[in-house]
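Participant: Following is a predicted model, sequence given first.
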Amino acid sequence: MPALPPSPLWGVQAALEPIGGGHRNAVFRTSGLKRDLVFKSTRRTEAALFWLTPVMDAAEAAGFTVPRLIPALDGALSAAGWTCEPYLEGRPFAPEDIPKVAAQIEHFHCNTRALPQRPGFLSSLDLIEATTGGDVDLMAMPAEIVALCRRAWQPMQGKVGVIHGDLSAGNLIDTEHGPALIDWDEARVDLRAYDLIRTDPEHATAAEKTAALAWEVACSWGIEPDHARICAQVLQRRI
């Protein structure tokens, strides 16, 4: 059981219970408040969290509800390694429902085309030459797996821009106000195809799917090693 989030740093006194869905972070929600909250553990810097402000502006302009980060009492977006955001009521999407937000994702991509890279992050194309960015540390991976990932990224010439980065059914919620898009932890500037293979899987190319799988290997290696190794085995068969 992970340590409880320090909710008093947000001026919150409430019962806390763990909730599922956070494979890389501990996630808790409050109960009994007029507006319940979600606390998540985070590895992100303050600069990386502030970068989300215009990104979430763009997502809202595209028609999504997003859970804005709530500053702690000292004004910081993270405190003692945790963030806080509103709890959103609704029904999670089914995987087959993801294409329903294709137009909103396209709009979101257009709204964010001028935004810079997230502080501390690199795209998969950058990592063809570089070694470290975001959750990726290629120096900690076996050389043969690094070579496979770079071979998967090398041919990619698609459009690059801000992406959500984890556009799964569990991160889309059908609310009374329309679709909500949560868990922006992996958002960054990268190949837009990584979002589009979820919203338009029928038109995703084999190369795009392989590049996305290579990213999953690289970003999971130090955090979810068992998952990363399974993905690496699939990647080896594809390349």
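Facilitator: Looks like it arrived, so ask away.
Participant: drop to CA atoms for contacts and neighbour counts, all remaining ones
Facilitator: Noted.
Participant: Correct me if wrong: Thr112 contacts Gly161.
Facilitator: Yes: Thr112 is within contact range of Gly161, at 7.0 Å (criterion: Cα atoms under 8 Å).
Participant: Where does the prediction get shaky in this protein?
Facilitator: The chain contains residues with pLDDT under 70 at 1-2, 21-22.
Participant: give me that answer again for 50
Facilitator: Along the chain, the model assigns pLDDT under 50 to residues 1.
Participant: Render the CA-only coordinates of stretch 89-108 in PDB, please.
Facilitator: Extracted as PDB, the C-alpha positions of stretch 89-108 are listed here (Å, rounded to 0.1, in the frame of the first residue of the first chain):
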ATOM      1  CA  GLU A  89     -18.000  11.600 -12.600                       C
ATOM      2  CA  GLY A  90     -19.000   9.600 -15.600                       C
ATOM      3  CA  ARG A  91     -18.700   6.300 -17.500                       C
ATOM      4  CA  PRO A  92     -15.400   5.200 -18.900                       C
ATOM      5  CA  PHE A  93     -15.300   4.700 -22.600                       C
ATOM      6  CA  ALA A  94     -15.200   1.200 -24.200                       C
ATOM      7  CA  PRO A  95     -12.200   0.700 -26.500                       C
ATOM      8  CA  GLU A  96     -14.400   0.700 -29.500                       C
ATOM      9  CA  ASP A  97     -15.700   4.200 -28.500                       C
ATOM     10  CA  ILE A  98     -12.300   5.900 -28.800                       C
ATOM     11  CA  PRO A  99     -12.900   6.800 -32.500                       C
ATOM     12  CA  LYS A 100     -15.900   8.900 -31.500                       C
ATOM     13  CA  VAL A 101     -13.500  11.600 -30.300                       C
ATOM     14  CA  ALA A 102     -11.400  11.700 -33.500                       C
ATOM     15  CA  ALA A 103     -12.600  15.100 -34.500                       C
ATOM     16  CA  GLN A 104     -11.900  16.600 -31.100                       C
ATOM     17  CA  ILE A 105      -8.300  15.100 -31.200                       C
ATOM     18  CA  GLU A 106      -7.700  16.500 -34.600                       C
ATOM     19  CA  HIS A 107      -8.900  19.900 -33.300                       C
ATOM     20  CA  PHE A 108      -6.700  19.600 -30.300                       C
END
